[in-house]
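In: when you get a sec, could you give me coordinates for this:
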Amino acid sequence: MRPHMRNLNLLLILLLLGLHLCSVLSWKRDEFRNCNQTPFCKRARSRKPGSCSLVARHASISDGELTAKLLTKNQDNVEDHDQIQPLVLTLSVYQDGILRLKIDEDPSLGPPKKRFEVPDVIVPEFSNTKLWLQRVSTETIEGDAEPSSIVYISDGYEAVLRHDPFEVYVREKGNGNRVISLNSHGFFDFEQLRTKREGEEWEERFRSHTDSRPYGPQSISFDVSFYGADFVYGIPEHATSLALKPTRGPGVEDSEPYRLFNLDVFEYIHDSPFGIYGSIPFMISHGKQRGTSGFFWLNAAEMQIDVMGAGWDAESGIALPSEKNRIDTFWMSEAGIVDTFFFVGPGPKDVVRRYTSVTGMPAMPQLFATAYHQCRWNYRDEEDVDHVDSKFDEHNIPYDVLWLDIDHTDGKRYFTWDSTLFPHPEEMQRKLATKGRHMVTIVDPHIKRDDSYHVHKEATQKGYYVKDAHGNDFDGWCWPGSSSYLDMLSPEIRSWWADRFSLENYVGSTPSLYIWNDMNEPSVFNGPELTMPRDSLHFGGFEHRELHNAYGYYFHMATAEGLVKRGEGKDRPFVLSRALFAGSQRYGAIWTGDNSADWDHLRVSVPMVLTLGLTGMPFSGADVGGFFGNPEPELLVRWYQLGAYYPFFRGHAHHDTKRREPWLFGERNTELIRDAIHVRYMLLPYFYTLFREANTSGVPVVRPLWMEFPSEEATFSNDEAFMVGSSILVQGIYTERAKHASVYLPGGQSWFDLRTGTAYKGGLTHKLGVSEDSVPAFQRAGTIIPRKDRFRRSSTQMVNDPYTLVIALNSSQAAEGKLYVDDGKSFEFERGAYIHRRFVFSDGKLTSMNLAPVSPGKSQFSSETVVERIVVLGHVHRAKSAVIEPTNRKVDIELGPLWLQWGRESAAVTIRKPGVRIADNWTIKIL
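Out: Residues are numbered from 1 along each chain as shown. I've put the predicted structure just below:
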């Protein structure tokens, strides 16, 4: 290397390191724009209620949809240079009461360019559920000068297109009560694309960066109201409470909207509306009065959303129906079109299921991915990997995946290995695989600009990079230094990227290697707000501003498809992504990014993970222990105890932190962390069953309390506790040296301490003593949980182990639960190769019933695995034996431990060694 080139590279490395260290020391607020520094947000927020002058005209049915034109009411009185071209409105209806509203510029009028519509998010099968409208009825709303158009949604609901003033809302049939409305406050504004006038300034500047904005202002804003709502939730990703706090209105200080703009935010602050790594513009309302509803805006440009506090509209002069508990919100986006979906509920699971019917059901993960992952930036070399792996075995701590961060590569060139540190990568992976373990390596979207690097060379030759505003390959800084970014909007480029993961192209990889996509917001160290300039150009001539929030989604998609290709369609992929968008649930897992080793970040991880689940993303978790900083042993232990219930369970740390593998904090803390991880492994059958439920219904693995108890107001804003499925409630411990915890246990039935079996009454707040052994967790009366209690090195080695069923009886001495089992790795389950059982305990009998559809020609999955223990909590009758039918075999009943490893702490009615196969129909009757 020439001396001056070496000096330039050294300078670049020092600059990058300095930037990185500054970011680590503190979150630099001035690196990022606020609303007042974001012109479209500032303009939109300055608008007054009632400022929309649009009216709907020419409403008719066309192609099974209600169409209309939006015109300025007094079009003839508007001066030519302010002339607003008619907008095209389309209302369409889909099965399950889903209403879709689209508003765009009229293409027949020749706008300067086509506005961006986000592709490949709505699943193709959704279009097959469209209801073809045959007619539109009319009704004159009180006080209106002309009739409104009414269309059918479902048996209980209808949509109203109000013509003048323009408004769209869903209402209940019969009583006319509103559910969701758009433009009830007259905030709707649609900045149309137009020709630049002489002397007009379209450029925008932030710090040292200039955005050329060649198409000028093109933002859209409108208000959305939720009726019968006590709280609103959703619109991740923010480090804040589950129930969204007001951002405008009386008593709201330091008002900033919830920002949706994917950014690489080092060490983000908690309790903030600031946007971080992902964006899902889907909001859910819930209230005791009418239940749940939802609103989704399919738009990948920057978005800002205000939640209006009570009394914000006291001086607006707009009279809305006097519905109690209405929550108003204000949505603003820099670009795109109006493409919105209304979900009427009324149950919370109904709303999530319908949202995922639009954006896709969550992927079914491999079994190993639902277990514990061990990660660090970075495990130094093969010797370090071998040492960490052997230490887990030495300390009897199971784990399934060991991760390698960026420093495993040759000079930060992805799909390569440092030949000095990792000279035998295939052998290293195979050694892990012999224990049923897997490896994950990092592959980020920034490609090192090095002519000797085969990926860069081919991408350059094929013209596959995002272009800058001048049409040249975009060149930005990231970990490798000078980098370019693949244009993942293009299906051709995504397909090419997917091929990079073949065993032939990714030299040194094996079938047991999976992938981690980081920095895919995309992160650009020298870009505006540490990301790509908005005037960069993508496939189809679209600007980056129009699709920014979906860039990481397309990268995640292409990577997952690459792993499917690698396995010839037989192997389920595992890809972890940091950036996310609507639909990301179809491609893998998400984590909450670069958190910190402090109690506040432990606390905020719960609402963050719950919010992701509510918005269709069930496979998520936070870095256990915090990415930045060095956790005190107590914090680390409490994080493991809580993190064992995250859907995605991974320990991870920054390279500047002290090593923090579970055995490095003294014997007692090692024991406590081991116990926490063991709990996760014992509950893997339950978690895997929940992942299958998510895969088929969209209902999340971990849930807010109100999802299971939708009428209990005490649950609506509770985000310190959460449900794992419908059967387990977990309460985190978020303060050091805690001696007590207040735990609200909802419902009218009892709850059984997961560790001791002690019963607690439902519908009350209990002040409980807290020990260092575990966080409070309870099994709900009336449920049955499947477990596997034998300790193994990994989940793969547990496959043939027998099951334990834990039955928690309710006041009627009844309970039920489910178990789902497949091969844990392939797509054969999609062809019917699985076992799905329903367990019902009633009238002193436990019955196992088949839930899997029986159809000729489907794939088969069989298992010889048996149930070795049945534990019954809350059984009020003395019993000494049971009989198994149809074999008519008698087995003993005795008092036994609830958990084998903590046997001294509990004793419960136990049926030992019933020996019934999980695949069979059977009944066990207690005598």
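In: touching, residue 357 and residue 98? I think so.
Out: Yes. In this structure, residue 357 is within contact of residue 98 by CB atoms under 8 Å, at 7.5 Å. Placement of C-beta: from N, CA and C, glycine included.
In: which of the two has more neighbours?
Out: residue 98 (24 against 21; other CB atoms under 10 Å).
In: find me the pLDDT at that one, would you?
Out: As predicted, residue 98 sits at a pLDDT of 98.
In: with residue 477 instead?
Out: Residue 477 is assigned 98 on the pLDDT scale.
In: neighbours of it, how many?
Out: Around residue 477 there are 19 other residues, counting by other CB under 10 Å.
In: that one - that's part of a strand, no?
Out: Yes. Judged by DSSP: H, G, I helix; E, B strand; the rest coil, residue 477 forms part of a strand.
In: burial of the closest residue to residue 651 other than its chain neighbours, as a residue count?
Out: In space, and not counting its chain neighbours, residue 651 is closest to residue 624: 4.4 Å by CB to CB, 6 or more residues apart in numbering. Residue 624 is flanked by 31 other residues according to other CB under 10 Å.
In: list the contacts of residue 624.
Out: 636, 639-640, 643, 646, 649-652 (CB atoms under 8 Å, 6 or more residues apart in numbering).
In: nearest residue to residue 299 in space, please, no chain neighbours.
Out: Excluding its sequence neighbours, the residue lying closest to residue 299 (CB to CB, 6+ apart) is residue 336, at 4.2 Å.
In: overlap in contacts of residue 357 and residue 98?
Out: Common contact partners of residue 357 and residue 98 (CB under 8 Å, 6+ apart): residue 129.
In: in the stretch 551-700 of the chain, which segments are predicted with low confidence?
Out: For the stretch 551-700 of the chain, no stretch is flagged by pLDDT under 70.
In: for stretch 843-855, which residues meet the burial criterion?
Out: Within stretch 843-855, the residues scored as buried using 16 or more other CB atoms under 10 Å are 846-848, 852.
In: who wins for neighbours among the contacts of residue 624?
Out: residue 639 (28 neighbours).
In: what about it, which SS state?
Out: Going by three-state DSSP: residue 639 is helix.
In: now it, nearest residue through space, not along the chain?
Out: Leaving aside its chain neighbours, residue 639 sits nearest to residue 624 (4.9 Å; criterion: CB to CB, 6+ apart).
In: the stretch 801-927 of the chain: helices as residue ranges?
Out: For the stretch 801-927 of the chain, no helices turn up when DSSP state H, counting those that start in this stretch is the criterion.
In: what's the burial count for the residue nearest to residue 299?
Out: Residue 336, neighbours per other CB under 10 Å, totals 24.
In: so how far is residue 212 from it?
Out: Taking CB to CB, to the nearest Å as the measure, residue 336 falls 19 Å from residue 212.
In: the buried residues of stretch 843-855 in strands, which ones?
Out: The strands, defined by DSSP state E, take in 846-848 from these.
In: possible to save these as JSON lines with distance to residue 787?
Out: Formatted as JSON lines, these follow (distance: CB to CB, whole Å):
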{"residue": "846", "distance to residue 787": "15"}
{"residue": "847", "distance to residue 787": "19"}
{"residue": "848", "distance to residue 787": "16"}
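In: can I get those in JSON lines with pLDDT?
Out: Below are these laid out as JSON lines (pLDDT from 0 to 100):
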{"residue": "846", "pLDDT": "98"}
{"residue": "847", "pLDDT": "98"}
{"residue": "848", "pLDDT": "98"}
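In: tell me the one of the residues you listed nearest residue 485?
Out: Nearest to residue 485, judged by CB to CB, of these is residue 848 at 52.8 Å.
In: what's across from that closest one in the sheet?
Out: Counting by DSSP bridges, residue 848 forms beta bridges with residue 839, residue 922.
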